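# Requesting a structural model of the entry that follows:
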Amino acid sequence: QFKIVESGGGLVQTGGSLRLSCAESRFSLEHYGVAWFRQIPGKEREGVSCIGARDNTTYVDSVKGRFTISRDSAKKTVSLQLNSLTPEDTALYYCAVDALVRPGLCMTESEYKWWGQGTQVAVAP
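Numbers count the residues shown, from 1 in each chain. Just a heads-up that it's a prediction; the model follows:
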């Protein structure tokens with residue numbers, strides 16, 4: 001059973017940056033599909049970004065040019081760099097992991113078997 005742990009959330013001012021990290025306590029995420037989703041209370045969870053097993057990346061339009069997903073080879077984790085943050089980015093960010101994410105579906109929740117508990121990102125005006 002995987003245990004996915006997110007870290008790096010916090011409170012920043014508009015225009016600030018955060019770096020979220022996703023890790024599994026015992027195994028490397030190196031060959032897994034990994035996605036970041038976020039959810040605002042009262043709204044549906046949305047896909048933010050994902051990285052496939054072959055390191056292909058996808059972003060939702062609202063974060064393109066501001067967020068970057070990457071693998072940290074040394075730490076065997078996946079990070080999401082959040083730049084130029086706005087209050088609209090305030091949400092609980094979840095990391096999701098699976099070994100068998102189908103092509104073109106890496107931002108689809110049902111493709112992921114293992115989920116973390118989330119890390120809160122809050123952006124002050």
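
# C-alpha from now on. contacts and neighbour counts both.
OK.

# Could you find the residue nearest the spatial middle of the chain?
Trp36 (2.4 Å; C-alpha atoms, centre = their mean).

# so that one touches Ala91, yeah?
No. Judged on C-alpha atoms under 8 Å, Trp36 makes no contact with Ala91 at a distance of 11.6 Å.

# returning to what we had before: now the residue nearest to the residue nearest to the centre of the chain when sequence neighbours are not counted: which helix or strand?
Spatial nearest neighbour of Trp36, chain neighbours left out: Cys95 (4.7 Å); criterion: C-alpha to C-alpha, 6 or more residues apart in numbering. Using DSSP states H and E, the element containing Cys95 is strand 91-98.

# Just after that strand, pick out the following helix or strand.
Later in the chain than strand 91-98, the nearest helix or strand by DSSP H and E is strand 114-115.

# next one: that following strand to chain centre, how far?
Distance, stretch centre to chain centre, for strand 114-115: 12 Å (C-alpha atoms, centre = their mean, to the nearest Å).

# mean confidence for that strand?
Averaging pLDDT along strand 114-115 gives 96.

# Can you list the helices and strands that it packs against?
strand 91-98 (3 or more C-alpha pairs under 8 Å, 6 or more residues apart in numbering; DSSP states H and E).

# Direction included, what does the strand it packs on pair against?
Sheet pairing for strand 91-98, assigned by DSSP bridges, gives strand 33-39 (antiparallel), strand 114-115 (antiparallel), strand 119-124 (antiparallel).

# From Gln1, how far off is the nearest residue to Arg19 once chain neighbours are set aside?
Of all residues not flanking Arg19 in the chain, Gln81 sits nearest, at 4.5 Å (C-alpha to C-alpha, 6+ apart). Distance, Gln81 to Gln1, by C-alpha to C-alpha, to the nearest Å: 27 Å.

# Compare neighbour counts for the two and give me the winner.
Regarding Gln81 and Gln1, a neighbour count based on other C-alpha atoms under 10 Å identifies Gln81 as having more, with 16 against 4.

# Mind listing the residues bridging to Ser79?
Under the criterion used (DSSP bridges), Ser79 bridges to Ser21, Ser70.
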